[in-house]
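Participant: here's a sequence, model it:
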Amino acid sequence: MLEDQNLLLNQFFTLWAMLDPISHLPLFLGATAELNGRERRRAAMMAVGFAFSILIFFGIAGQYLLHAMGISLMSFQIAGGLILLLFSISMVLSEPPATTSATSLSANPLNVAVYPLSTPIIAGPGAMLSIIILTDNNRFTIAEQMTTFAVLGVVLALLLTIFMLGDVIGKFIGRGGTNVLRRVMGVILAALSVNLIVSALAQWLNLPPI
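Facilitator: Numbers count the residues shown, from 1 in each chain. Model (predicted):
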């Protein structure tokens, strides 16, 4: 039971740190700047739905695509861990990303939901790497992979809630609060990234797990 709880917590915090709903809020507000309140909510729902579909696809087919390309999952785990580590370092050390303007897009919820909201803001490369690693057929059973998809659904539901309450939350925590939360999530993600790399190396070298 304790091991199952640890797995759930690990999955939740990995996906939460990777999807990073709080620091994506300014991007969402910027991308939907030309939409009214109703259209903004529609865009949020469609974007989260599209992103969920993209990540489910990579969770189901991603490992088979790697196999077809002759790439081992251990190599992918190390590469993914390095990319996530670099991403987490940028979260901690860099300034928050500038909001994306929707000026060049027509004021259409569907257009904004597809790009830039669903991808690359929500289902970016890091999120795709994370979901493939968390649904590794060699490490997790089908039941555990279904649990991962359920956790992904929970995290995306929370992200949707934050997007729906974007105006209120943005005014409440301010830019400084968003910046602090982004850096905290970056530290957590950095630790998880190092764990991915070390675990893969330990498996490769037949070392005891850390």
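Participant: for this protein, give me the ranges with low pLDDT.
Facilitator: 1-4, 33, 95-107, 170, 173, 175, 178, 181-182, 209-210 (pLDDT under 70).
Participant: helices of that one, start to end?
Facilitator: Taking DSSP state H, the helices of the chain run over residues 2-19, 21-31, 37-68, 73-93, 109-112, 125-134, 142-164, 166-204.
Participant: report all helices and strands that the last one contacts.
Facilitator: Using 3 or more C-beta pairs under 8 Å, 6 or more residues apart in numbering; DSSP states H and E as the contact criterion, the neighbours of helix 166-204 among helices and strands are helix 2-19, helix 21-31, helix 37-68, helix 73-93. C-beta: built from backbone N, CA, C; applies to glycine.
Participant: next, the angle from that helix to helix 37-68.
Facilitator: With axes from the mean of the first three to the mean of the last three C-alpha atoms, to 10 degrees as the basis, helix 166-204 and helix 37-68 are set at 10 degrees to each other.
Participant: use 36 as the first number for this chain going forward.
Facilitator: New numbering, starting at 36: the last item is helix 201-239.
Participant: and helix 201-239 with helix 108-128, angle?
Facilitator: 140 degrees.
Participant: check the offset of helix 201-239 from the chain's centre.
Facilitator: Distance, stretch centre to chain centre, for helix 201-239: 10 Å (C-alpha atoms, centre = their mean, to the nearest Å).
Participant: now do the shortest one
Facilitator: Using C-alpha atoms, centre = their mean, the distance from the centre of helix 144-147 to the centre of the chain it belongs to is 20 Å.
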